[in-house]
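>>> Quick one: sequence and predicted model below, then my questions.
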Amino acid sequence: MFQDTAQIIIKSGKGGDGHVSFRREKFVPAGGPDGGDGGKGGDIIFEITDNLNTLSDFRQNRKFCAAAGEPGEKRKCHGKDGDDMIIKVPEGTVIRDAESGKIIADMSGNNRHVVILRGGKGGLGNMNFATPTMQAPNYAKPGQPGKELSVKLELKIIADVGLIGFPNAGKSTLLSRVSNARPEIANYPFTTITPHLGVVDLGDGNGFVMADMPGLIEGASEGVGLGYNFLKHIERTKILVIVADAASTEGRDPVSDIRTILKELEKYDKALLEKPRIIAANKTDCITPDMDDPLGKIRKEFEPGTKVCAVSGVSGAGIKELISEIWSILKTMDRKPVVFEPEMEVDYSSDSDLPYTVKKDENGVFVVEGPRIEKMFGYTNLQSEKGFDFFQKFLKTSGILDDLEKNGIREGDTVRMYGHEFDYYR
């Protein structure tokens, strides 16, 4: 079953915690801190594989998690990094943030191996926090948490030329005539429910990829019928070929059909009308002498602005002219695939994982210290009213007040932080 959308949850690995330990050996009774660093958490990586052309593999498996890093150990041993989670997707997969809809990455062109979520950094062991004034730090840095994100995968096929038209206009027959594709062909609506790709070989190493898109119907841009589900696939194409049933074998007016298609394209994305386009007036083998010159009507309506090529997917008439017209436009264009630019980046900034300790000394003073506290004092002016308000909020939101209460602090007790002393009051 062809599936071109999926929504999954991805989560990178948590970093391993830093270790608290001290060197203790027979002849070194009071060695320094030797707690090792934690390992880095595994990344979430998306990778293009040529063995997939659909997102159907994501129907059952909807959550992907990378491994956590291992904690550090004594004797300055570093924890092992967590294994990455590599997610295989077909080329052309666009990864969006499910909440905002913004593009995180487009797995196309040179973007064959992209790190979407970085694993959390491993925490530093206590050996990193020794200073001349703090020679035996009994704290370590916890590993950073992994990032979790709900993402929407959207497959937009990559082709140079897109065939679009109403059901039974003959797109599949035309594609099979000009390329190596062998799509299912039958005379009933929506035979094509999957975009088909075919390579048109011009010889001498020249050629291009053509895609047969499922039939559009009026209202497709508003979600009616199958067409809306596949309009996104023509966003990458360089040229649009509108295939119309010139002989009206289904009782439809080809001029009206072409107008409707252009209107649906404009409603979906006005940029689609800026692409070069050709009209393939198909089924000319079914035009009879008693018809009122349908080809002339189409040309009168749309030329010279849009080239009209009279073709027959069944007999092959006019096919060379159509291919020549397509190639004359393509060879003047940049053939690099359209790659959508990222619209957001994952925010990894946080100071919440910096360590601190709360302990009571022999004089009954509660001592709070650690890199997190030291950093806060570096950018806070306690002499100003705003600075002191910020300091009070920091104590509350950081969890320090809760930790003080867990250690048995009471109103009127003294708290010391890097030379600053305060009386505790709720």
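All right, it came through fine. Numbers count the residues shown, from 1 in each chain.
>>> so where's the stretch 301-426 of the chain uncertain?
Of all residues in the stretch 301-426 of the chain, those with pLDDT under 70 make up the ranges 348-354, 375, 378-381, 384, 386.
>>> Just checking the distance from stretch 71-78 to the centre of its chain.
36 Å (Cα atoms, centre = their mean, to the nearest Å).
>>> Pull out the buried positions in that stretch.
By neighbour count on 16 or more other Cβ atoms under 10 Å, the buried set for stretch 71-78 is Pro71, Gly72, Glu73, Lys74, Lys76, Cys77, His78. From N, CA and C alone the C-beta is placed, and that goes for glycine too.
>>> Most widely separated two among the residues you listed?
Between any two of those, the greatest separation by Cβ to Cβ is 13.3 Å, found for Pro71 and Lys76.
>>> Spell out the secondary structure type for Asp57.
What DSSP: H, G, I helix; E, B strand; the rest coil gives for Asp57 is helix.
>>> Quickly list what the residue nearest to it when sequence neighbours are not counted is bridged to.
Nearest in space to Asp57, with sequence neighbours left out and distances taken as Cβ to Cβ, 6 or more residues apart in numbering, is Lys88 at 7.9 Å. Beta-bridge partners for Lys88, by DSSP bridges, are Glu47.
>>> ok now stretch 101-120, how far from the chain's centre?
Shown here is stretch 101-120, whose average C-alpha point lies 5 Å from the average C-alpha point of the whole chain (Cα atoms, centre = their mean).
>>> ok, and for the longest helix anywhere in the chain, which residues are buried?
Among the elements of the chain assigned as helix by DSSP state H, the one spanning the most residues is helix 254-268. Taking 16+ other Cβ under 10 Å as the neighbour-count basis, helix 254-268 is seen to contain the buried residues Pro254, Val255, Asp257, Ile258, Thr260, Ile261, Leu262, Glu264, Leu265, Tyr268.
>>> Toward the C-terminus from it, list the very next helix or strand.
Tracing the chain C-terminally past helix 254-268 and defining elements by DSSP states H and E, one meets strand 277-282 next.
>>> Check which helices and strands that next one sits against.
With contacts taken as 3 or more Cβ pairs under 8 Å, 6 or more residues apart in numbering; DSSP states H and E, strand 277-282 sits against helix 171-178, strand 239-245, helix 294-302, strand 307-310, helix 319-330.
>>> Mind listing what's buried along the last one?
If you call a residue buried by 16+ other Cβ under 10 Å, then helix 319-330 has these buried ones: Ile319, Leu322, Ile323, Glu325, Ile326, Trp327, Ile329, Leu330.
>>> Please convert those residues to TSV, extending it with distance to Phe391.
Rendered in TSV, the data for the buried residues of helix 319-330 read as follows (distance: Cβ to Cβ, whole Å):
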residue	distance to Phe391
Ile319	78
Leu322	74
Ile323	74
Glu325	73
Ile326	69
Trp327	71
Ile329	67
Leu330	65
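>>> Any idea which helix or strand in the chain has the lowest mean pLDDT?
When each helix and strand of the chain is scored by mean pLDDT, DSSP states H and E, helix 227-231 comes last, with a mean of 59.
>>> Please determine how far the closest residue to Asn51 other than its chain neighbours is located from Asn53.
In space, not counting the residues next to it along the chain, Asn51 is nearest to Lys88; the distance is 7.8 Å by Cβ to Cβ, 6+ apart. Note on Lys88: its distance to Asn53, by Cβ to Cβ, to the nearest Å, is 12 Å.
>>> Check His19 too.
Noted for His19: a distance of 47 Å to Asn53, by Cβ to Cβ.
>>> which SSE is Gln392 in?
Secondary structure assignment for Gln392, by DSSP H and E: helix 385-397.
>>> okay if I get the helices and strands packed on strand 277-282 as TSV plus distance to Tyr356?
Shown next, in TSV, are these (distance: least, Cβ to Cβ, whole Å):
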stretch	distance to Tyr356
helix 171-178	66
strand 239-245	61
helix 294-302	73
strand 307-310	72
helix 319-330	63
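>>> Out of these, indicate the one that is most buried.
Scoring those by mean neighbour count under mean count of other Cβ atoms under 10 Å gives strand 239-245 as the most buried, with a mean of 25.
>>> who does that strand touch, helix- and strand-wise?
Counting contacts by 3+ Cβ pairs under 8 Å, 6+ apart, strand 239-245 is packed against strand 161-164, helix 254-268, strand 277-282, helix 319-330.
>>> Any idea which of the ones you listed gets closest to Val368?
Closest approach to Val368 among the helices and strands packed on strand 239-245 is made by helix 254-268 (58.9 Å; Cβ to Cβ).
>>> by contact count, what packs against the closest one?
On the basis of 3+ Cβ pairs under 8 Å, 6+ apart, helix 254-268 makes packing contacts with helix 227-231, strand 239-245, helix 294-302.
>>> and it, how far out from the chain's middle?
Mean C-alpha position of helix 254-268 versus that of the full chain (Cα atoms, centre = their mean) differs by 31 Å.
>>> try stretch 47-57
Using Cα atoms, centre = their mean, the distance between the centre of stretch 47-57 and that of its chain works out at 15 Å.
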